[in-house]
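Trainee: just to be clear, the model below is a prediction. Sequence and coordinates:
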Amino acid sequence: MTMHRFWLGVVALATTLAASPAMPGRWDLDYFPNTRLLDQQGRELRFVDDVLDGRIAVVNFFYLDCPDICGLATARLAKVHEWLEDRMEDEIVFISISLTPERDAPEELAAYAEAFGAGEGWYFLTGAPDDVALLRYKLGERSKRLSDHRSDILIGNAGTGEWRRTSLMGNLAAATADILALDPDWAPPRAPARVIDGRTLQSFAAQNRVGEGLFNKACAACHSIGAGVRVGPDLEGVTLRRDRDWLMRYIRSPDRMLAQGDPIAVKLDQAFPAVRMPRFGLSENDVADLIVYLHSETLRLEALPDETEAAGDMDRGASTDHDHDHELAGHVH
């Protein structure tokens, strides 16, 4: 599947979900109770004023004693958090709300958050049971039994009032795109427009593995794609969380961007001080090949369904009120 058709599929699926009666649609700030809550650090926060605070929000529900899917959902959310790390806290917040606030104290939430490597901008919240009950009801979590609680996530832009649901149990690249699409200024990665020998650059890279060769030669010593941090960051999802033009400039001239004080380049240099990103002298075509390879590897690792499966899912619509047993049977292999 080409990147162009992939993003058309994502947009079409998002349109289908947005039209579904089960989707929240538009919620202005006065819809939400400004509930008093405690985060994993024991800080008292107001849901609207302090937690949402006009940002893009990703909301899920869990409880510490959950024997089924909560841990898996949190682990997958942690991966999305890693992909979005450059936007966390200032632009995007993750909000995990305990369904058993009478049992889940802040210090226990802190240990849980640490176990999953939860970083900046991720709030694990508890509070008075009645306050949490009101908030979960308003956010659409109305299950009668803990084992039946929603396993999807609620995403929204507190500034624009746009809210919808997406799944953590499907393709994480698509879920990440759903979150980023709430930013009116975000655009999905675009397929390269150049043609080489009568073929698009994407097909050229796929057939000749130019990008893979460049990655193995120049990048693999310091970076992995989906295998975790090495000397430098894991590059799975980098084409989702970073603008393509920025990637083109940074891969070609990281030293120049650092000297110019580019905020992302500076942050990366501070996060990985042992080895500074070198300039390899790659051409524009080389870098484009490399970016195509990185993006195709993200899609491959996320097991993107083929077009017939995607079409079938769209025809069937999306059901979000699944219990744990259904999710485990349908998505965990």
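Mentor: Everything's here; your move.

Trainee: just the helices in the stretch 1-150 of the chain please.
Mentor: For the stretch 1-150 of the chain, helices defined by DSSP state H, counting those that start in this stretch occupy the ranges 3-19, 70-83, 106-115, 129-138.

Trainee: break the protein down into its domains, please.
Mentor: Domain segmentation of the chain under automatic domain parsing yields 25-187, 195-301.

Trainee: would you single out the least confident of the ones you listed?
Mentor: Comparing mean pLDDT across the domains of the chain, the lowest value falls on domain 195-301: a mean of 81.

Trainee: any idea which of the domains of the chain is most buried?
Mentor: Of all those, domain 25-187 carries the top mean neighbour count, a mean of 18, counting by mean count of other Cβ atoms under 10 Å. (C-beta placed from N, C-alpha, C; glycine too.)

Trainee: how far is it from where the chain is centred?
Mentor: In terms of Cα atoms, centre = their mean, to the nearest Å, the centre of domain 25-187 is found 12 Å from the chain centre.

Trainee: mind checking the end-to-end distance for that domain?
Mentor: 21 Å (Cα to Cα, to the nearest Å).

Trainee: with stretch 59-71 instead?
Mentor: Stretch 59-71 end-to-end distance (Cα to Cα) = 15 Å.

Trainee: what's next to that stretch, contact-wise?
Mentor: Stretch 59-71 has contacts (Cβ atoms under 8 Å, 6 or more residues apart in numbering) with 73-74, 77, 94-100, 103-104, 108-109, 112, 136, 139, 141, 146-147, 149-156, 168, 324-325, 327-328.

Trainee: please, where are all the strands along the stretch 151-300 of the chain?
Mentor: Assigned by DSSP state E, counting those that start in this stretch, the stretch 151-300 of the chain shows strands spanning 153-157, 162-166, 195-196, 199-200.

Trainee: please enumerate the helices of the stretch 151-300 of the chain.
Mentor: 172-180, 201-208, 210-214, 238-241, 244-252, 254-259, 263-271, 284-301.

Trainee: including distance to Glu89, could the ones you listed go into CSV?
Mentor: As requested, those are exported to CSV (distance: least, Cβ to Cβ, whole Å):
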stretch, distance to Glu89
helix 172-180, 14
helix 201-208, 34
helix 210-214, 32
helix 238-241, 14
helix 244-252, 20
helix 254-259, 22
helix 263-271, 12
helix 284-301, 23
